[in-house]
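Asks: coords below, sequence missing:
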RNA sequence: GGCCCCUUCGUCUAGUCUGGUCCAGGACACUAGGUUUUCAUCCUAGUAACGCGGGUUCGAAUCCCGCAGGGGUCACCA
């Protein structure tokens, strides 16, 4: 794609500062992750020329919905993805995830913090007060009920509801009521003119004054609204480029109007950052990718299996379950949701970054894939490192239409990455994942993890799936369950031909000293050749003896992983258990 | 409903600004062959799209107009 006019000069912006500003109400949504990734990439791309900064700010002005735990979770999600921030809350990377950068992220070296908006109330108040003094903002005393009534009335009359300060508004009287301690909100006086938003993606978008109204900038509880806080903070923190989801495009005229009215203490004016609103991400069916999707799937499964199976202990109580099932919009806390899914052995759709992590996706693959959602360099190259992405990324290359999230393609990317990964590195990553989500695997496999990973990788699209082809390693030698079909086809067919070979194979294997996959395969191969048999004639009975089924990873890997003593024990037991009836 | 945004294979997209090289390219998925000790991997090939209707033009996926469809937003949430 050719560069947009705004990029045509080819000049390098000297100090690009981008920011990601989530509200801490839960784990980071995958859509938010893409926004953060694009912001991060732009700050570290060629336009930034090495001097760009990516800033993280926590927008916790909604006291009811924000939580410290959620804020921590978001920090952790970002760090896992490899998206680090130069300015923002301090965060120390723990654990042995091979990918995470060691050490500290964030801090306030530029002295523009704090980065939690709830800690900046005094700052906002000063700006709001100047607005009030200049009569560019004013107190309003309407109650929620009154506003609801006004909206209903407008709706009835098929008008769009707009709150505009009446011409005969008594400013002095209102200010006196405020001075007397009356509860109120502060509204911004929207200038009576159209607002033009210049957007790097959408182009120039004009919003007529008739669509704008005197919106609230400070709530009854004294906290600023998002609109005020975001504008003040972006200005004070030196943000030059605002990249965010397209759902914010309709908010932008408010922000631009605010930028025109707000002044600093010395009277200087606010700047207007560059905006880039990116397309939304949807589910495959076109619906919005929502955290509720997980509850929906879980509710369906609980209804089918009955609620007894999933309550008590760590799980929700009967009463909690009932309330949850009865309310379409109710959501279970995410940790409980995970436990319910585990109890029911169902997969929840991955929505939050944490979901993808738990499902066994590699963070660099998640980043690579979401970079492709709504962005393309146009060079047919789809796989790239994050450093390459930074180098390639331009605002003008962001697409305009919404993208559907395709898990199949993500899975394919993850699979391919697992295939080409250096074996010891793969084992390390797998171990780190297991320690967090499936400790049994790491314990059971111990030193065999690298070899096991190598044997299973061609059958696994995620770190989680790595254990699936290896099920026979987690079963005791005398607990193998034999699949009737496999026994019939592989052992009993042709008068027990397969079964008869097993004792001899056992003898032959007992004499193999080098218990490596290659050496085992060579020994079995030579044995077959000596008898004029195809490899399958020996391999399949051995598979059944080792796993109880006719399917397993390569024979050499399978036997080697099981270990010589166990292999011999399993052969013996298989022969004893599956003897042909007379 | 008002306003704003969007519309190329099933999906993500390239191509649109600067109309012809596009009977539309890549990737995932799918289908068919092949390799292989099982499963899988791997290799090769193939199917498949310019929302609709007008217009401009020698020529339109590309420019203009209209329509239809999808989405976003209309909070003392962000």
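Replies: Good, I have the coordinates. This one's a predicted model, so the numbers in the text were calculated from it and none came from an experiment.
Asks: and the closest residue to residue A:103 other than its chain neighbours, how many residues sit next to it?
Replies: Nearest non-adjacent residue to residue A:103, counting by C-beta to C-beta, 6 or more residues apart in numbering: residue A:93, 6.3 Å away. (C-beta placed from N, C-alpha, C; glycine too.) By other C-beta atoms under 10 Å, the residues close to residue A:93 number 17.
Asks: Give me the phi and psi for residue A:93.
Replies: phi -80, psi 120 (degrees, to the nearest 10).
Asks: Go through the longest helix belonging to chain A and flag the buried ones.
Replies: Longest helix in chain A by number of residues (criterion: DSSP state H): helix A:493-510. Across helix A:493-510, burial judged by 16 or more other C-beta atoms under 10 Å covers A:498-499, A:501-502, A:505-506, A:508-509.
Asks: any idea how far RNA strand B is from the residue nearest to residue A:103?
Replies: Plainly put, residue A:93 is 25 Å away from RNA strand B if you go by C-beta to the nearest atom of the strand, to the nearest Å.
Asks: Is that residue in contact with residue A:105, as I believe?
Replies: Yes - using C-beta atoms under 8 Å, residue A:93 is in contact with residue A:105, at 6.7 Å.
Asks: got any residues that touch both of these two?
Replies: By C-beta atoms under 8 Å, 6 or more residues apart in numbering, residue A:93 and residue A:105 have these common neighbours: residue A:79.
Asks: tell me the pLDDT at the residue of the stretch 51-200 of chain A found nearest RNA strand B?
Replies: Per C-beta to the nearest atom of the strand, residue A:59 is where the stretch 51-200 of chain A lies closest to RNA strand B, at 2.9 Å. Here, the pLDDT recorded for residue A:59 equals 98.
Asks: That one against residue A:227, yeah?
Replies: No - using C-beta under 8 Å, residue A:59 makes no contact with residue A:227, being 11.2 Å away.
Asks: what about the helices in the stretch 251-400 of chain A?
Replies: A:252-261, A:292-305, A:318-326, A:334-344, A:353-359, A:363-371, A:386-392 (DSSP state H, counting those that start in this stretch).
Asks: now do the stretch 51-200 of chain A
Replies: Under DSSP H, counting those that start in this stretch, the stretch 51-200 of chain A gives helices at A:68-81, A:121-133, A:144-156, A:171-179.
Asks: And the stretch 451-582 of chain A, by the same measure?
Replies: A:484-486, A:493-510, A:517-531, A:535-547, A:555-562, A:564-577.
Asks: gap between the third one and the chain center?
Replies: Read that as helix A:517-531. Helix A:517-531 sits 47 Å away from the centroid of its parent chain (C-alpha atoms, centre = their mean, to the nearest Å).
Asks: what do you get for the fourth one?
Replies: The gap between where helix A:535-547 is centred and where its chain is centred comes out at 42 Å by C-alpha atoms, centre = their mean.
Asks: touching RNA strand B at all, it?
Replies: Yes - part of helix A:535-547 sits near RNA strand B under the criterion C-beta under 7 Å from any atom of the strand, namely A:535-536, A:539-540, A:543.
Asks: what about residue A:420, neighbour count?
Replies: Counted with other C-beta under 10 Å, residue A:420 comes out at 8.
Asks: Check whether residue A:283 really touches residue A:294, as I assumed.
Replies: No - the pair residue A:283 / residue A:294 is not scored as a contact, 11.8 Å apart, by C-beta under 8 Å.
Asks: just the buried members of the residues of helix A:535-547 next to RNA strand B?
Replies: Counted by 16+ other C-beta under 10 Å, these give A:539-540, A:543 as buried.
Asks: So which of the residues you listed is the closest to residue A:156?
Replies: Of all these, residue A:156 sits closest to residue A:543, with 73.8 Å by C-beta to C-beta.
Asks: how near is the closest residue to that closest one other than its chain neighbours to RNA strand B?
Replies: Spatial nearest neighbour of residue A:543, excluding adjacent residues (C-beta to C-beta, 6+ apart): residue A:552 at 5.0 Å. To RNA strand B, residue A:552 is 5 Å away according to C-beta to the nearest atom of the strand.
Asks: which phi and psi does residue A:552 have?
Replies: Backbone torsions for residue A:552, taken as degrees, to the nearest 10, come to phi -160, psi 170.
Asks: Please tell me how far it sits from residue A:542.
Replies: Separation of residue A:552 from residue A:542 (C-beta to C-beta, to the nearest Å): 9 Å.
Asks: And for residue A:518?
Replies: From residue A:518 to residue A:542 the distance is 16 Å (C-beta to C-beta).
Asks: same thing with residue A:147?
Replies: 76 Å.
Asks: Looking at the two, which is more packed in?
Replies: A count of neighbours by other C-beta under 10 Å puts residue A:542 above the other of residue A:147 and residue A:542, at 26 against 15.
Asks: which ones are touching that one?
Replies: Residue A:542 touches A:502, A:505, A:524, A:555, A:558-559, A:571, counting by C-beta under 8 Å, 6+ apart.
Asks: Tell me which two of those residues sit farthest apart.
Replies: A:502 and A:558 (14.8 Å).
Asks: Of the buried ones among the residues of helix A:535-547 next to RNA strand B, just say which sits nearest to residue A:21.
Replies: residue A:543 (55.4 Å).
Asks: Would you check that that closest one makes contact with residue A:549?
Replies: Yes - if you go by C-beta under 8 Å, residue A:543 and residue A:549 touch, sitting 7.1 Å apart.
Asks: Nearest spatial neighbour of residue A:59, chain-adjacent residues omitted?
Replies: residue A:23 is the one closest to residue A:59 (C-beta to C-beta, 6+ apart), at 4.5 Å.
Asks: shouldn't that neighbour be in contact with residue A:57?
Replies: No - counting by C-beta under 8 Å, residue A:23 does not reach residue A:57; the two are 10.2 Å apart.
Asks: Name the residue in the two with the higher neighbour count.
Replies: residue A:57 (26 against 18).
Asks: Give me the pLDDT for the residue nearest to residue A:103.
Replies: Looking at residue A:93, its pLDDT stands at 83.
Asks: before we move on, what about residue A:18?
Replies: pLDDT, residue A:18: 98.
Asks: if I look at it, how far off is RNA strand B?
Replies: Applying C-beta to the nearest atom of the strand to residue A:18 and RNA strand B gives a distance of 16 Å.
Asks: What of residue A:433?
Replies: For residue A:433, the distance to RNA strand B - C-beta to the nearest atom of the strand - is 20 Å.
Asks: That residue: how many residues sit nearby?
Replies: Neighbours around residue A:433, by other C-beta under 10 Å: 23.
Asks: what's the host helix or strand of residue A:230 in contact with?
Replies: Take DSSP states H and E as the rule and residue A:230 turns out to sit in helix A:226-236. Taking C-beta under 8 Å, 6+ apart as the criterion, the residues outside helix A:226-236 that touch it are A:19, A:21, A:57, A:59, A:61, A:112, A:117, A:120, A:123-124, A:127-128, A:188, A:215, A:217-218, A:224, A:239, A:242, A:251, A:254-255, A:258-259, A:262, A:270-271, A:273.
Asks: Just these: which are in strands?
Replies: Mapping these onto strands (DSSP state E) picks out A:19, A:188, A:217-218, A:242.
Asks: Stretch A:189-198: which residues count as buried?
Replies: Buried-residue list, stretch A:189-198, by 16+ other C-beta under 10 Å: A:189-190, A:195, A:197.
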